[in-house]
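> Sequence unavailable; structure follows:
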């Protein structure tokens, strides 16, 4: 879920029909919601090197 503190509202979420899917399997869909100047607070499931490098690559000119 992506939360916008200025709106005090969730503005995006990534859904999966399989309730047992590991969050890491959905990280590619999360990358589509990342924008420049975003601040992300995440737990250990989002701290995988591939996700972090792809995120950096997608925002680097």
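That came through fine. Here the structure is a predicted model, which is why all the values come from computation and not from measurement. Residues are numbered from 1 along each chain as shown.

> Which secondary structure elements does the helix or strand of the chain with the lowest mean pLDDT sit against?
Across the helices and strands of the chain, the lowest-confidence element by mean pLDDT, DSSP states H and E is helix 49-59, at a mean of 75. Here helix 49-59 touches helix 27-31, going by 3 or more C-beta pairs under 8 Å, 6 or more residues apart in numbering; DSSP states H and E. All C-beta atoms are positioned from the backbone trio N, CA, C, and that covers glycine.

> Residues contacting the helix it packs on, please?
Applying C-beta atoms under 8 Å, 6 or more residues apart in numbering, the contact partners of helix 27-31 are 14, 46, 48, 50-51, 54-55, 58.

> switch the cut-off to 10 Å
Helix 27-31 is contacted from outside by 1-2, 12-16, 23-24, 40, 42, 45-46, 48, 50-52, 54-55, 57-59, using C-beta atoms under 10 Å, 6 or more residues apart in numbering.

> same question, stretch 3-11
Stretch 3-11 has contacts (C-beta under 10 Å, 6+ apart) with 1-2, 12-13, 33, 38-39, 41.

> In those, find the pair that's most separated.
Among the contacts of stretch 3-11, the pair separated by the greatest distance (C-beta to C-beta) is 13 and 39, at 17.9 Å.

> just to revisit the earlier point, what about the least confident helix or strand of the chain, distance to the chain center?
On the basis of C-alpha atoms, centre = their mean, to the nearest Å, helix 49-59 sits 11 Å off its chain's mean C-alpha point.

> Let's see the pLDDT reported for the most centrally placed residue in the chain.
Nearest to the mean C-alpha position of the chain, by C-alpha atoms, centre = their mean, lies residue 30 at 3.6 Å. pLDDT, residue 30: 80.

> Over to residue 5?
For residue 5, the pLDDT comes out at 87.

> Begin at 20 from now on, thanks
Will do, 20 is the new start, and the previous item becomes residue 24.

> ok, and for the least confident helix or strand of the chain, which residues are buried?
70, 73-74 (16 or more other C-beta atoms under 10 Å).

> ok, back up a step: quick one: which of residue 32 and residue 58 has more around it?
Neighbours were counted for residue 32 and for residue 58 using other C-beta atoms under 10 Å; residue 32 has more, 11 against 5.
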